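Q: Pasting a predicted model and its sequence here:
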Amino acid sequence: MVSDKLLQAFKGRMHISHSGEDDNLKELLSFSVAYVEDKCGSFDIDGENNIDKRARELVLERTRYAYNDAVEYFDDNFQSDILGLGLDMTFAKEGETDETV
């Protein structure tokens, strides 16, 4: 389920002031959350740590691409961000940090 906070963040970023597309936007956001979780791992979409913020940014960016019918370009344009986040999430899960690697 996509929170109203996430929906409003996306609408603000895209300068969308009407509510006519809210159901579609929530669906696109949910697809993007599922995509990022599948590629990188689980995260808290409303979390405030570095990993959660980076994951939320990827969700918003992928949703922007999907909204503009360009989702097929997302992987190529964000490959390093996806890979970096996935690695950092794996290291965090194993208890490693940049200082211990």
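A: Yep, it's here.

Q: Next, Gly95: secondary structure please.
A: Three-state assignment for Gly95 (DSSP: H, G, I helix; E, B strand; the rest coil): coil.

Q: Likewise for Asp44?
A: Assignment for Asp44 (three-state DSSP): coil.

Q: Please tell me how far it sits from Met89.
A: Computed with CB to CB, to the nearest Å, the distance linking Asp44 and Met89 is 12 Å. Every residue, glycine included, has its C-beta placed from N, CA and C.

Q: In terms of neighbours, single out the busier of the two.
A: Taking other CB atoms under 10 Å, Asp44 and Met89 do not tie; Met89 has more neighbours (20 against 11).

Q: Return the list of helices and strands in contact with the particular helix or strand that has the more buried one in it.
A: Using DSSP states H and E, Met89 sits in helix 74-93. The contact analysis (3 or more CB pairs under 8 Å, 6 or more residues apart in numbering; DSSP states H and E) places helix 74-93 against helix 22-40, helix 50-67.

Q: Reformat those helices as JSON lines; add mean neighbour count and mean pLDDT.
A: Shown next, in JSON lines, are these (neighbours: other CB atoms under 10 Å; pLDDT from 0 to 100):
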{"stretch": "helix 22-40", "mean neighbour count": "17", "mean pLDDT": "98"}
{"stretch": "helix 50-67", "mean neighbour count": "19", "mean pLDDT": "98"}
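
Q: As CSV, those with distance to Glu94 would be great.
A: Compiled in CSV, the helices and strands packed on helix 74-93 are given as follows (distance: least, CB to CB, whole Å):
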stretch, distance to Glu94
helix 22-40, 15
helix 50-67, 13
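
Q: closest one to Gln79 among those?
A: Distance to Gln79, taken as CB to CB, is lowest for helix 22-40 among the helices and strands packed on helix 74-93, at 10.2 Å.

Q: Which residue is the nearest non-sequential neighbour of the residue nearest the centre of the chain?
A: With distances taken as CA atoms, centre = their mean, Val59 lies nearest the centre of the chain, 1.8 Å away. Computed as CB to CB, 6 or more residues apart in numbering, the closest residue to Val59 that is not its neighbour in sequence is Ser32, at 4.5 Å.
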